[in-house]
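1. Here is a sequence together with a model predicted from it:
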Amino acid sequence: MKTRQFKLGHLLAAIGLLWLLTGVATAAETRIEAPRSDGGRAVLAFSDAPLKTMTETPFAIELYDVQGNPVREAKLQLSLTMPFMPMPPNHPEVVWSEGAYRGVAVFTMAGAWQVHAAIEHPGAVQEKVTFDIEMVAMQ
Ligand SMILES: [Cu+2]
């Protein structure tokens, strides 16, 4: 009886450690949603949380139509700005890869930011989507 309890304790400790390790590896993500002009939605996910200044931060943008189907054929141009002051041009390149529009962002100052996406759909007018980032923290 005593041995069994001891083993159970070890098992729980191992599960706890595993949960902790996988949690640390996957939890750091900043996800921002914005509505699209056709009634669909846009999702911007940075692979870090909280976001930090002067740090190369990979991101992925997913676009969905009003039925929830992914939009794959668009071309995106991004502009990163701060809502309350002029900042130098910041236009991370975006490429379609593995089911998302991907790039790497660098925020040059702490505070609130906006990611403006100009989205070209074949045969349609350009769409504009803005993602609001509440806070980028000092590194
Ligand atoms: Cu600024």
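-> Thanks, I have the structure now. Remember, it's a predicted structure, so these values are computed and weren't measured experimentally.

2. How about the contacts made by residue 100?
-> Each residue near residue 100 by C-beta atoms under 8 Å, 6 or more residues apart in numbering is listed here: 60-62. (Glycine included, C-beta is placed from N, CA and C.)

3. Can you name the residues bridging to it?
-> On the basis of DSSP bridges, residue 100 is bridged to residue 97.

4. same deal with residue 64?
-> Under the criterion used (DSSP bridges), residue 64 bridges to residue 41, residue 70.

5. Does it touch residue 72 like I think?
-> No - contact criterion C-beta atoms under 8 Å: residue 64 and residue 72 do not qualify, at 10.7 Å.

6. of those two, who's got more company?
-> residue 64 (17 against 11; other C-beta atoms under 10 Å).

7. so who does that one touch?
-> For residue 64, the contact set (C-beta under 8 Å, 6+ apart) comprises 36, 40-43, 70-71.

8. again, 7 Å this time
-> The contact partners of residue 64, by C-beta atoms under 7 Å, 6 or more residues apart in numbering, come to 40-41, 70-71.

9. Just the buried residues from those, in ChimeraX please.
-> This is how ChimeraX selects the buried members of these, with burial counted by 16 or more other C-beta atoms under 10 Å:
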select :40,41,71
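
10. For the contacts of residue 64, work out which two are farthest apart.
-> Across the contacts of residue 64, the longest distance by C-beta to C-beta is 11.0 Å; it joins 41 and 70.

11. So which residue is dead centre in the chain?
-> Nearest to the mean C-alpha position of the chain, by C-alpha atoms, centre = their mean, lies residue 45 at 1.2 Å.

12. For the ion, see how far away that one is.
-> 23 Å (C-beta to the ion, to the nearest Å).

13. Which secondary structure elements does the host helix or strand of that residue sit against?
-> In this assignment (DSSP states H and E), residue 45 forms part of strand 41-46. Secondary-structure packing of strand 41-46 (3 or more C-beta pairs under 7 Å, 6 or more residues apart in numbering; DSSP states H and E): strand 30-35, strand 57-64.

14. angle of the shortest one against strand 41-46?
-> Relative orientation of strand 30-35 versus strand 41-46 (axes from the mean of the first three to the mean of the last three C-alpha atoms, to 10 degrees): 160 degrees.

15. Tell me which stretches of the protein form strands.
-> 30-35, 41-46, 57-64, 75-81, 95-97, 100-105, 111-120, 127-136 (DSSP state E).
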